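1. here is my input; please provide its structure:
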Amino acid sequence: MSALVTILDDEPEIRQLLTETLEEAGFKVQSFGRAREFEAALNRITPDVCLIDLSLPDTDGLALVHRLAQDQGAAVIIISGRAQVQDRVAGLELGADDYITKPFDPIEVVARVRARLRGGSRSPSGSTNPSSARFTGWRAHFDRFVLSDDTGTEVPFSQAEGEVLRLFLENPKRLISRAQMQEQLGGGAGDSFDRAMDVRISRLRTKLRDDPKNPTLIKTIYGAGYIFLDDVEW
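-> Residues are numbered from 1 along each chain as shown. Presented below is the predicted three-dimensional model:
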């Protein structure tokens, strides 16, 4: 079944360009010019990837990105004319999976969408994709995008955070370099990718109650990468 990509942008020309390019690439596409229409549609559709413009006439784009990251399982890619570093950082910190600046090459958008879908569909050792994994004090539910602790308390995580967590859980007690993370997870390269990983790992540590100064789960090996320290049961 083809993945569903939603587009939220108030410029009709942008919506048409992206719709035509993505449909030619084999995706199902629904586009919206207003945030209220898009949010209403989420009650009846489940997108795999959401392309969101930040400069929307009826809502704050960054606030919408944050809500999507918290409440939806879809990957979120910002497409915006805001090219400042602080805008990129804010978008990533609020839960976006990727950030593309306007003007853009439509083929690059297709590649970024495919990278997000690949990252969300990986499975250990090429086997079937298990929906949950257990480690000390926690169970990660990848079908529902939540962590549950031993008391039953649930903590939601975004698809972007889930991709990083799954990579760790599939490779416990093994060093994972930034280059390996880039290869496995895709997305923007260079400083943009490094910043995105830093943000996602920081959010995961917070949700797992893992002290970054004395971690028991996710340890940073400076200059080399990361190690997930616990045993994992799938």
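2. which ones are touching the spatially most central residue of the chain?
-> The centroid of the chain falls nearest to residue 160 when counting by CA atoms, centre = their mean (2.4 Å). Shown in contact with residue 160 (CB atoms under 8 Å, 6 or more residues apart in numbering): 69, 75-76, 95-97, 196, 200. To be clear about C-beta, it is placed using only N, CA and C from the backbone, and glycine gets the same treatment.
3. now do 7 Å
-> Contacts for residue 160 (CB atoms under 7 Å, 6 or more residues apart in numbering) come out as 75, 95, 97, 200.
4. now for the third one: which residues touch it?
-> By that I understand residue 97. Residue 97 touches 75-77, 116, 159-160, 187, counting by CB under 7 Å, 6+ apart.
5. likewise the first one?
-> For residue 75, the contacting residues are 48-49, 97, 116, 120, 159-160, by CB under 7 Å, 6+ apart.
6. where does this protein dip in pLDDT?
-> 1, 70, 72-73, 119-129, 187-190, 192 (pLDDT under 70).
7. now do the strands in it.
-> Secondary structure of the chain (DSSP state E): strands at 4-8, 28-32, 49-52, 75-80, 98-101, 132-135, 138-141, 146-149, 154-156, 175-176, 218-221, 225-228.
8. other SSEs contacting the biggest helix by length in the chain?
-> Using DSSP state H, we find that the single longest helix of the chain is helix 190-207. Contact partners of helix 190-207 among helices and strands, from 3 or more CB pairs under 7 Å, 6 or more residues apart in numbering; DSSP states H and E: helix 85-93, helix 159-170, helix 178-185, strand 218-221.
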